[in-house]
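Peer 1: What follows is a predicted protein model with its sequence.
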Amino acid sequence: MNINENIRQRLLIYQENEITEHHIYKMLARQCTSPENRRILETISADELRHYHNWRKYSQQDVKPNRFKVWVYYLISRVLGFTFGIKLMERGEEGAQDNYAELEGVIPEAAAIAQEENEHEDVLIELLDEERLRYTGSIVLGLNDALVELTGALAGLTLALQDTKLIALTGSITGIAAALSMGASEYLSTKSEVVEMDKDPVRASIYTGVAYVVTVLILILPYLVLENYYVCLACTLIAAVLIIGCFNYYISVAKDEPFKKRFLEMAGLSLGVAALSFGVGFVMRTFFGIEM
């Protein structure tokens, strides 16, 4: 079949995408410990290779994978979870997949490949079962409680104590105690939920506690390295917003949930509590006339 140069160049781009994704899925499958997840990843990898050869039949030219892209998405998947890495990669290829159907008049298989990319692979990806996503609720519990409680506590303590080291010490004790309490509460809560049999109470409590502790350490860090307590509070609030933004972006990609609504809700709650606590600290300091 004779195709013009413009279409051939598009085919070469599609080939590179397909062969690159083939290698990404293949590498992830090798590292996967779950037999079912490994089977799904190997199936998608084989599909990508088949698509590559379909395009190759018309371009009559071999294309090498983008090794940089292979390693970037592989590392992202290893660090942040293969579900997040895969869905992030697929988001980046949505435009190319939509353009497949435009070649239907020239290449008979184009429409079938477009449909398989948009439907078949999406179904397979949804079948992937990743532990960290099963415990998202526990992570959200620890993260959200730490952000709301500790930003509020630090805001109140900042005005009440006006000493960075004392604020850091008080905040750390409060945060660690709250993390242990939240972990214990999540353990009892998960244990009593008969419906959620796929969640282990001990792991759920660990995810909640770890999420809480990590958030506490990040929020308290400015008070350990800076001297001006107002600057420390500003840095803590900025860190809280960044944590909320990063976590909600992760969830929006990995679980296909809306980003904006969740982000504004969590950010508004955390900053609102911080503002109220700052006001409480001011009132208490004025009322009791305490000077540190």
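Peer 2: Structure's in. What do you need? Treat the numbers as computed from the prediction; the structure is a model and nothing was measured.

Peer 1: so where do the helices sit in the chain?
Peer 2: Assigned helices in the chain, in chain order: 5-31, 35-59, 67-80, 82-92, 94-100, 110-115, 121-127, 131-134, 136-161, 164-192, 201-225, 229-254, 259-288 (criterion: DSSP state H).

Peer 1: As a markdown table, the ones you listed with mean pLDDT would be great.
Peer 2: As requested, these are exported to a markdown table (pLDDT from 0 to 100):
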| stretch | mean pLDDT |
| --- | --- |
| helix 5-31 | 88 |
| helix 35-59 | 87 |
| helix 67-80 | 89 |
| helix 82-92 | 80 |
| helix 94-100 | 60 |
| helix 110-115 | 74 |
| helix 121-127 | 68 |
| helix 131-134 | 71 |
| helix 136-161 | 79 |
| helix 164-192 | 83 |
| helix 201-225 | 88 |
| helix 229-254 | 87 |
| helix 259-288 | 75 |
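
Peer 1: Would you mind finding the most buried of those helices?
Peer 2: Compared across these, helix 136-161 shows the largest average neighbour count, a mean of 23 (mean count of other Cβ atoms under 10 Å). All C-beta atoms are positioned from the backbone trio N, CA, C, and that covers glycine.

Peer 1: ok, for residue 45, nearest residue in space, not its chain neighbours?
Peer 2: Once flanking residues are discounted, residue 45 sits nearest to residue 25: 3.6 Å by Cβ to Cβ, 6 or more residues apart in numbering.

Peer 1: what sits against that neighbour?
Peer 2: Residues near residue 25 by Cβ atoms under 8 Å, 6 or more residues apart in numbering: 41, 42, 44, 45, 48, 86.

Peer 1: can I get these in CSV with distance to residue 146?
Peer 2: What follows is the contacts of residue 25, written out as CSV (distance: Cβ to Cβ, whole Å):
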residue, distance to residue 146
41, 34
42, 39
44, 36
45, 39
48, 40
86, 29
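
Peer 1: Farthest pair within those?
Peer 2: Among those, the pair separated by the greatest distance (Cβ to Cβ) is 42 and 86, at 13.3 Å.

Peer 1: per-residue confidence at residue 109?
Peer 2: On pLDDT, residue 109 comes in at 73.

Peer 1: Now do the same contact list for it.
Peer 2: Residues near residue 109 by Cβ under 8 Å, 6+ apart: residue 54.

Peer 1: Next, find the distance separating it from residue 237.
Peer 2: Distance, residue 109 to residue 237, by Cβ to Cβ, to the nearest Å: 54 Å.

Peer 1: what do you get for residue 205?
Peer 2: 28 Å.

Peer 1: Please apply the same query to residue 164.
Peer 2: With Cβ to Cβ as the criterion, residue 164 and residue 237 are 15 Å apart.

Peer 1: my read: residue 54 touches residue 111, true?
Peer 2: No - if you go by Cβ atoms under 8 Å, residue 54 and residue 111 don't touch, sitting 11.8 Å apart.

Peer 1: Pop the domain breakdown of the chain in here.
Peer 2: For the chain, the structural domains run 5-129, 132-288, going by automatic domain parsing.

Peer 1: for the last one, the distance to its chain's centre please.
Peer 2: What separates the centre of domain 132-288 from the centre of its chain is 17 Å, taken as Cα atoms, centre = their mean, to the nearest Å.

Peer 1: what do you get for the first one?
Peer 2: If you compare the mean C-alpha spot of domain 5-129 with that of the full chain, they lie 21 Å apart, counting by Cα atoms, centre = their mean.

Peer 1: contacting residues for residue 55?
Peer 2: By Cβ under 8 Å, 6+ apart, the residues touching residue 55 are 11, 14, 15, 18.

Peer 1: Look up the closest residue to the residue nearest in space to the middle of the chain, ignoring the ones flanking it.
Peer 2: Nearest to the mean C-alpha position of the chain, by Cα atoms, centre = their mean, lies residue 250 at 2.0 Å. Spatial nearest neighbour of residue 250, chain neighbours left out: residue 84 (6.1 Å); criterion: Cβ to Cβ, 6+ apart.
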